[in-house]
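Enquirer: Sequence and computational prediction follow.
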Amino acid sequence: MPVISAAVCPHPPLLVPEIATGAAADLDDLRAACLTALTPLAAADRLVVVGSGAPARYAADAAGSLTPYGVPFQVGTGTPTLPLSLTIGAWLLNQSKAADVPRSYYAVAPDETPANCLALGKQLADSSDRVALLIMGDGSARRSEHSPVHLHPRAELFDSTVAAALQLADTATLAALDPDLATELHAAGRAPWQVLAATSGLTGNLLYHAAPYGVGYLVASWT
């Protein structure tokens, strides 16, 4: 059965209000967009969270820690093993209507080839269950002079291209994203987005696209 829905969200630690503290309100619109995108996932039989990190598959009870970001905050129980992208994905799911859907996690290498990302996407869809995807990934971290990495002239166009593809559920454009350019632009979402590119038959809806801290954040819902 094909994937029945998908959500695309970014993974800045500041999404977690306990980390953002006094600046938490700055990302209220982003948090709201993420929760809106997650709502359709509640209809699935099984949910797969995909984000960048050292390649691995994690079970539903996997844990992640945000202690490196200044707050002794943990998602899940046990020894934290999830990378940041999947930790934020788990945190978002736990706030959403999809919190109780059985889940698993996949980390894909930031430099994974497009072909292998597409192959993983097809593998995830090859199920008799109604599967939903939560795709975690930031856009370029070079969107302004205040970015974590200095401004790059191609960063805004790259993110706008991804935003348009997410709005149109344009899998061909996502599949064609250049890994080398994405690396140059520090766009952590490239590989997870290309896992999403293996889906078919869904309608896109872009819910958020901005770069409040010089990093491109994109939220979309595919149903």
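Expert: Structure received. Since the model is a prediction, treat every value here as computed from it, not as a measurement. Numbers count the residues shown, from 1 in each chain.

Enquirer: quick one: buried residues of the longest helix anywhere in the chain?
Expert: For the chain, the helix reaching the highest residue count under DSSP state H is reported as helix 155-168. Residues 155, 156, 158, 159, 161, 162, 163, 165, 166, 167 are the ones in helix 155-168 that count as buried (16 or more other Cβ atoms under 10 Å). Every C-beta, even on glycine, is put in place using the N, C-alpha and C of the backbone.

Enquirer: Which pLDDT does the model give the most centrally placed residue in the chain?
Expert: Ranked by distance to the mean C-alpha position of the chain (Cα atoms, centre = their mean), the top residue is residue 136 at 1.1 Å. Each residue has a pLDDT score; the one for residue 136 is 98.

Enquirer: same check, this time on residue 20
Expert: According to the model's per-residue confidence, residue 20 sits at a pLDDT of 68.

Enquirer: Please apply the same query to residue 146.
Expert: In this model, residue 146 carries a pLDDT of 79.

Enquirer: Skip the chain neighbours and tell me the closest residue to it.
Expert: residue 214 (4.7 Å; Cβ to Cβ, 6 or more residues apart in numbering).

Enquirer: cool, and residue 76?
Expert: Of all residues beyond its chain neighbours, the one nearest residue 76 is residue 63 (3.3 Å), with distances taken as Cβ to Cβ, 6+ apart.

Enquirer: before we move on, what about residue 34?
Expert: Using Cβ to Cβ, 6+ apart, the nearest residue to residue 34 is residue 9, at 4.6 Å.

Enquirer: what comes into contact with the lowest-mean-pLDDT helix or strand in the chain?
Expert: For the chain, scoring each helix and strand by mean pLDDT, DSSP states H and E identifies helix 17-20 as the least confident one, at a mean of 80. Outside helix 17-20, the residues that touch it by Cβ atoms under 8 Å, 6 or more residues apart in numbering are 13, 14, 24, 26, 27, 66, 69, 70, 71, 73.

Enquirer: Only the buried subset of the residues you listed, as a ChimeraX command please.
Expert: Selection command for ChimeraX covering only the buried members of the contacts of helix 17-20, criterion 16+ other Cβ under 10 Å:
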select :13,14,27,66,69,71,73
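
Enquirer: Between the contacts of helix 17-20, which sits nearest residue 51?
Expert: For the contacts of helix 17-20, the residue nearest residue 51 by Cβ to Cβ is residue 13; the value is 13.2 Å.

Enquirer: got the contact list for the residue nearest to the centre of the chain?
Expert: The neighbourhood of residue 136, defined by Cβ under 8 Å, 6+ apart, consists of 9-11, 49-52, 85-86, 88-89, 189, 192.

Enquirer: Between these, which sits nearest residue 203?
Expert: The closest of the contacts of residue 136, once distances to residue 203 are taken by Cβ to Cβ, is residue 9, at 17.9 Å.
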